[in-house]
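**Student:** Provided below are the primary sequence and the corresponding predicted coordinates.
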Amino acid sequence: MITTNDFCERVRTCQGSMYALAYGILHNQHDAEDAISDTIMRAYTNLSQLKNEGTFKPWLLKILHNVCLESLRSKHPTVDIEEQYDLKDGFSYQDVNTKLVLRQAVSKLRQPYRTIVILYYYENLSLQEIASVTGQSVMATKTQLSRARTMLKNALNKEDFYRETV
């Protein structure tokens, strides 16, 4: 059984992943923060439903995914244009520009493709974990990831991308 202190510590270790997923779905900092708060409350309230403590992160992200989808259904999403990027020292202008262009391309993907890409590439979840988070089969998740890669490849192969990053 997870104690309150263990729960808080596990949530702290997942906070970056939670924000990336929530922002990736909702495209708004305030909505993402609200969804995360709601998720933490729901997770704590339903902690007894967690069967395997080793699957805490996928379980928490699944709750967050559902909260974000509920939020989208309940209102029209707003877009916060001022996205902040965590840039490390040593990045060249070209690296930063490429990262920004790639991030924009990912943000333009339709759901569920955007969520799949964020969880796979930015949060390093396995296909099995993503399937658990999204409530789909592993095969459907794999297919959606493949389609998302094709969509990104097509978007990034346009002349505009090469002009901006070269």
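**Tutor:** Thanks, I have it. For clarity, every value in this text was computed on a predicted model and none was experimentally measured. Numbers count the residues shown, from 1 in each chain.
**Student:** what's near enough to touch the residue nearest the centre of the chain?
**Tutor:** Ranked by distance to the mean C-alpha position of the chain (Cα atoms, centre = their mean), the top residue is L21 at 2.3 Å. By Cβ atoms under 8 Å, 6 or more residues apart in numbering, the contact set of L21 is 61, 64-65, 68, 115, 118-119, 123. Using the backbone N, CA and C atoms, a C-beta is placed for each residue, glycine as well.
**Student:** Have a look at those residues and tell me the least confident one.
**Tutor:** pLDDT across these is lowest for E123, at 85.
**Student:** what residues go with each domain of the protein?
**Tutor:** Listed by automatic domain parsing, the domain ranges of the chain are 1-80, 89-166.
**Student:** The longest helix along the chain - what's its average pLDDT?
**Tutor:** Among the segments of the chain that qualify as a helix by DSSP state H, the longest is helix 4-26. Throughout helix 4-26, pLDDT has a mean value of 92.
**Student:** now stretch 138-149
**Tutor:** Averaged across stretch 138-149, the pLDDT comes to 94.
**Student:** can you check stretch 154-166 too?
**Tutor:** On average, stretch 154-166 scores 59.
**Student:** One more: stretch 74-88?
**Tutor:** 44.
**Student:** do stretch 101-114 as well
**Tutor:** Stretch 101-114 shows a mean pLDDT of 86.
**Student:** Pull up the distance across that stretch, start to finish.
**Tutor:** Using Cα to Cα, to the nearest Å, one end of stretch 101-114 lies 15 Å from the other.
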